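In: test case, fold it:
(chains A and B)
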Protein chains: 2
Amino acid sequence: MQRKGNLMTYRPDIKVFDATIRDGGLVNNFRFKDEFVKALYLANLRAGVDYMEMGYLADTDIFKREDFGDWKFCREADLRRIVGNNETDLKLSVMADVGRTNLQRDLLPREESVLDMVRVATYINTMPAAIEMIEYAASLGYETTCNIMAISKANDTDIEEALALLAQSPVNAVYIVDSYGSLFPEQVQNLTVKYIEAMEPAGKSVGIHAHNNQQLAFANTVESCTMGASFLDATVGSMGRGAGNCAMELLLGFLKNPKYNITPVLRFYESYMVPLREAGLKWGYDVQYLLTGKMNLHPSSAIAFTKEDRRDYADFYHQLFDLEP
Amino acid sequence: MQRKGNLMTYRPDIKVFDATIRDGGLVNNFRFKDEFVKALYLANLRAGVDYMEMGYLADTDIFKREDFGDWKFCREADLRRIVGNNETDLKLSVMADVGRTNLQRDLLPREESVLDMVRVATYINTMPAAIEMIEYAASLGYETTCNIMAISKANDTDIEEALALLAQSPVNAVYIVDSYGSLFPEQVQNLTVKYIEAMEPAGKSVGIHAHNNQQLAFANTVESCTMGASFLDATVGSMGRGAGNCAMELLLGFLKNPKYNITPVLRFYESYMVPLREAGLKWGYDVQYLLTGKMNLHPSSAIAFTKEDRRDYADFYHQLFDLEP
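Out: Down below sits the predicted model:
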């Protein structure tokens, strides 16, 4: 499999996808101020970002409104408070978790919504439910993606079967999601080739959503991109669950297409992300996340270690062996 | 060029090289307490690390002793205060900068020293002086390396000529040094292939010393390793100038050789590196370093930005355009 493009050219198929509110919302229970979300929206517009994820479309029968900010639910009136009618080139997305979303009740027909895309997040064993959601969202007129989470835990046969199902669905793109931040660049390359080979003949794209447990989120995003992935997820300042994501500022610094502009993101970073950190919100690479990533474990124990302000990394490491599946 | 080895096997030629005191010394002017250096020495021994760099062999005619800690100079009595006669498998190294070292006066014959290796650091245009130093150190019985700094600024012809000279020298290994943290994994792969092709026929090894400006130090080290580099530099907690280096804990988490053990490094990290940070020493990835790395500039302006506690990343970015060569 050949690399696509080189370091001096750019590929017009690439889509930069901002997931700051959605993955970053896992850090602060989606309690972003309107001013923050609006400033990010404007920064993305000016930076040439292609898609912005506004949050989750969570089911209020499962999650209480008062336990979260508005971006856990992304109701139409809340979205329009920020983006008006979004008469721009920046497309808006929402994430729908299998088992935690009521699309039939909560998703408007596309022509009544400012949303352009629904990304269905699923583990590989709930693929039939995911495909049902994708078909429903597509029937309402939305672009759709399927984000297969925790792919580092899936076996090759299951991945191949899932991709075969998705190739026959209306989905527009399928994402490699390294939820545990445990994949090395070589593995990401191989997975990308597998996804491309399954999806490209069906006219579908591939995406990459990386986590930074081993300081590889950016490297893995670049490697996946050079092997053909088009949808590249990033968050400003890496804001996201646990070790965070591929940093938008790193990604925009790498991409050669002159439509992308890092400066509005730097301005947003200094005005809005630095204050969040200074107010005590914690995310990003630290040794506890390296350890869960290296062991291919869910980051929940490392997140608890962080919240408890523990420093006993060696003891934590040896406690993780009791969690190994 | 084929990858060497895979993610399940290990290569016995790999040497893990701890540069914490030497590159980390650039953060605190080499003012490490003896207890710190001794604890790191013991951690490296227990972790199976192959080489430990004790610092620089700086010329006291150029640098005043009182301006720096002992590890800027690495005199024999100071070394022996920490390692005794070093009757262990851990080899000890010192770095000698071209133009800032007086080897004839300051380097003892190997049999009178606890040092095993001299690493000569040079820019590509001072290669003749570097080779003279390598020949002298080799004549005293030392293993030697040549660390060609700022390689992202060198042109291909100069690199090829330098490698041809080194192939005929007594040097044991030649390092790719990404001083500015500006190389992407694909570029590191290509450079590694070039170095391997020039050095392997002469029976010499290749090494990689990466900086973390773009959060690529670990990824670049892994990529260089998979293409054949054997000497892999790392520092505990990434401690090093500016954005720091490849983290030892990441590297040991990646390598599959059971001789390596991450636990002593984690214990050292929690007992000695966390307190250094809490005492206010600053190093490691931040946006200002990404910007100098992306622009292939020396990190000095980003280090000044950090010291001044500035937050105006966007203005800093645009000031850098005035520095472009």
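In: spell out which parts of chain A neighbour chain B.
Out: Proximity of chain A to chain B, by C-beta under 8 Å from any C-beta of the partner chain, involves residues A:3, A:7, A:184-187, A:212, A:214-220, A:222-223, A:226, A:247, A:249-250, A:253-254, A:262-263, A:266-267, A:269-270, A:274, A:285, A:287, A:290-291, A:294, A:311-314, A:317-318. Yep, even glycine has a C-beta here, placed from its N, CA and C like the rest.
In: and the helices in the stretch 51-200 of chain A?
Out: For the stretch 51-200 of chain A, the helices defined by DSSP state H, counting those that start in this stretch occupy A:76-83, A:103-106, A:127-139, A:156-167, A:185-199.
In: below-threshold pLDDT in the stretch 101-250 of chain A: ranges please.
Out: Scanning the stretch 101-250 of chain A for pLDDT under 70 picks out no residues.
In: in which helix or strand would I find the residue in it positioned nearest to chain B?
Out: Distance from chain B to each residue of the stretch 101-250 of chain A (C-beta to the nearest C-beta) is smallest for residue A:219, at 3.3 Å. Using DSSP states H and E, residue A:219 sits in helix A:217-226.
In: so how far is residue A:206 from the residue of the stretch 101-250 of chain A closest to chain B?
Out: As judged by C-beta to C-beta, to the nearest Å, residue A:219 and residue A:206 stand 17 Å apart.
In: and for residue A:129?
Out: 22 Å.
In: quick one: which of those two has more around it?
Out: More neighbours surround residue A:206 than the other of residue A:129 and residue A:206, with 27 against 14 (other C-beta atoms under 10 Å in any protein chain shown).
In: so who does that one touch?
Out: Counting by C-beta atoms under 8 Å, 6 or more residues apart in numbering or on different chains, residue A:206 touches A:173-176, A:192, A:195-196, A:199-200, A:224, A:228-231.
In: which among those end up buried?
Out: Buried residues within the contacts of residue A:206, defined by neighbour count using 16 or more other C-beta atoms under 10 Å in any protein chain shown: A:173-176, A:192, A:195-196, A:199, A:224, A:228-231.
In: possible to save the helices of the stretch 51-200 of chain A as CSV with distance to residue B:83?
Out: CSV is the format used below for these (distance: least, C-beta to C-beta, whole Å):
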stretch, distance to residue B:83
helix A:76-83, 61
helix A:103-106, 66
helix A:127-139, 58
helix A:156-167, 49
helix A:185-199, 37
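In: quick one: closest of those to residue B:33.
Out: Residue B:33 lies closest to helix A:185-199 among the helices of the stretch 51-200 of chain A, at 37.8 Å (C-beta to C-beta).
In: average pLDDT for the one helix or strand residue A:41 maps to?
Out: Residue A:41 is part of helix A:34-47, with elements assigned from DSSP H and E. Taken as a whole, helix A:34-47 has an average pLDDT of 98.
In: quick one: it to helix A:76-83, angle?
Out: Interaxial angle, helix A:34-47 versus helix A:76-83 (axes from the mean of the first three to the mean of the last three C-alpha atoms, to 10 degrees): 60 degrees.
In: contacts only, for residue A:209.
Out: Counting by C-beta under 8 Å, 6+ apart, residue A:209 has contacts A:19, A:147, A:175-178, A:233, A:245.
In: again with residue A:143
Out: A:91, A:116-118, A:172.
In: just curious, which of these is nearest to residue A:56?
Out: Nearest to residue A:56 among the contacts of residue A:143 is residue A:118, at 10.8 Å by C-beta to C-beta.
In: doesn't residue A:144 make contact with that closest one?
Out: Yes: counting by C-beta atoms under 8 Å, residue A:118 touches residue A:144, with 5.4 Å between them.
In: got any residues that touch both of those two?
Out: Common neighbours of residue A:118 and residue A:144 (C-beta under 8 Å, 6+ apart) are A:134, A:137.
In: ranges for the strands of the stretch 1-150 of chain A?
Out: Remark: strands assigned in the stretch 1-150 of chain A by DSSP state E, counting those that start in this stretch are A:15-18, A:51-56, A:91-97, A:117-122, A:143-148.
In: sorry, back to before: list the helices and strands the helix holding residue A:41 packs on?
Out: Where contact means 3 or more C-beta pairs under 8 Å, 6 or more residues apart in numbering or on different chains; DSSP states H and E, helix A:34-47 is packed against helix A:20-28, strand A:51-56, helix A:76-83, helix A:263-268.
In: ranking the ones you listed by burial, who's on top?
Out: For the helices and strands packed on helix A:34-47, average neighbour numbers computed from mean count of other C-beta atoms under 10 Å in any protein chain shown are highest in strand A:51-56, which has a mean of 26.
In: what helices or strands is that one leaning on?
Out: Helices and strands touching strand A:51-56, by 3+ C-beta pairs under 8 Å, 6+ apart, are strand A:15-18, helix A:20-28, helix A:34-47, strand A:91-97.
In: contacts for the second one, please.
Out: Helix A:20-28 has contacts (C-beta under 8 Å, 6+ apart) with A:30, A:32, A:37, A:40, A:52-56, A:69, A:71-72, A:95, A:233, A:235-237, A:239-241, A:244-245, A:248, A:276, A:281-283.
In: how about a cut-off of 6 Å?
Out: If you take C-beta atoms under 6 Å, 6 or more residues apart in numbering or on different chains as the criterion, helix A:20-28 is touched by A:53-55, A:71, A:95, A:235-236, A:239-241, A:245, A:281, A:283.
In: over to the first one?
Out: Applying C-beta under 6 Å, 6+ apart, the set of residues contacting strand A:15-18 from outside is A:44, A:49-52, A:230-233.
In: now residue A:4: how far from residue B:190?
Out: Per C-beta to C-beta, residue A:4 is found 17 Å from residue B:190.
In: want to throw the buried ones among the contacts of residue A:206 into JSON lines with distance to residue B:11?
Out: Putting those into JSON lines (distance: C-beta to C-beta, whole Å) gives the following:
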{"residue": "A:173", "distance to residue B:11": "37"}
{"residue": "A:174", "distance to residue B:11": "35"}
{"residue": "A:175", "distance to residue B:11": "33"}
{"residue": "A:176", "distance to residue B:11": "28"}
{"residue": "A:192", "distance to residue B:11": "25"}
{"residue": "A:195", "distance to residue B:11": "29"}
{"residue": "A:196", "distance to residue B:11": "30"}
{"residue": "A:199", "distance to residue B:11": "35"}
{"residue": "A:224", "distance to residue B:11": "26"}
{"residue": "A:228", "distance to residue B:11": "29"}
{"residue": "A:229", "distance to residue B:11": "29"}
{"residue": "A:230", "distance to residue B:11": "35"}
{"residue": "A:231", "distance to residue B:11": "35"}
